[in-house]
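Chemist: Provided below for reference: sequence and predicted model.
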Amino acid sequence: GINEDLKNLKPIEVINTFFEAINTGDKSRANGCLSPESLLESLTINLESDRLYNDGFNQNNSLVENIVRGKPISYRLLDPDSLVEIKELGNREKIEIEVKLEIEWIRTEFNSPDGKSIRFAILKKYDNGWKIDCLGTGP
């Protein structure tokens with residue numbers, strides 16, 4: 001199926017693929033890099049008062065819709081429990097990765113003056129591969 005190749009990617013490759021997809025406007029592929037929980041959250045946050053869920057992805061709820069472009073610069077693997085830097089992924093089912101990147105958001109107030117930012121990506125392993133669960137501002 002579509003995005004079938006994503007299931008063979010390692011966590012850092014998933015992050016790179018996510019940003020490549022955003023930069024080329026391939027929203028389906030970018031969303032394919034996100035976990036089911038992350039996608040579900042998009043459909044259930046920032047709801048209008050008369051709604052049970054959002055009927056689609058938009059700037060108010062979607063990571064993919066909010067990023068204009070992004071380019072990872074460097075990575076640090078962190079143990080998700082202790083937040084200590086590790087060198088190898090090992091046989092973990094979850095990993096936290098500190099990502100230094102150049103990123104441009106649709107909402108200009110989120111952009112830093114030099115365009116650089118540090119985000120903490122949490123990835124989980126599913127039957128269909130590693131997926132980004134969260135791309136937060138703190139560990």
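Modeler: Great, that's in hand. Numbering: from 1, shown residues only.
Chemist: For the rest of this, base every contact and every neighbour count on C-alpha atoms.
Modeler: Will do.
Chemist: how distant is stretch 104-124 from the center of its chain?
Modeler: Offset of stretch 104-124 from its chain centre (C-alpha atoms, centre = their mean, to the nearest Å): 11 Å.
Chemist: before we move on, what about stretch 19-37?
Modeler: Between the centre of stretch 19-37 and the centre of its chain there are 8 Å (C-alpha atoms, centre = their mean).
Chemist: What are the contacting residues of that stretch?
Modeler: Surrounding stretch 19-37, the residues in contact under the criterion C-alpha atoms under 8 Å, 6 or more residues apart in numbering are 3, 6, 14-15, 17-18, 39, 64, 67-72, 123-124, 130-133.
Chemist: Let me see the mean pLDDT of that stretch.
Modeler: Model confidence over stretch 19-37 averages 92 on the pLDDT scale.
Chemist: re earlier: go ahead and build a PyMOL selection from the buried members of the contacts of stretch 19-37.
Modeler: Those of those that count as buried under 16 or more other C-alpha atoms under 10 Å are selected in PyMOL with:
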select buried, resi 6+14+15+17+18+39+64+67+68+69+70+71+72+123+124+130+131+132+133
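Chemist: Quick one: mark the members of the contacts of stretch 19-37 that sit in helices.
Modeler: Within these, membership in helices is found for 14-15, 17-18, 39, 64, as judged by DSSP state H.
Chemist: Pick the one among those closest to Ile97.
Modeler: Closest approach to Ile97 among the ones in helices among the contacts of stretch 19-37 (C-alpha to C-alpha): Ile15, at 9.5 Å.
Chemist: helix/strand/coil for Ser82?
Modeler: With DSSP: H, G, I helix; E, B strand; the rest coil as the basis, the three-state label of Ser82 is coil.
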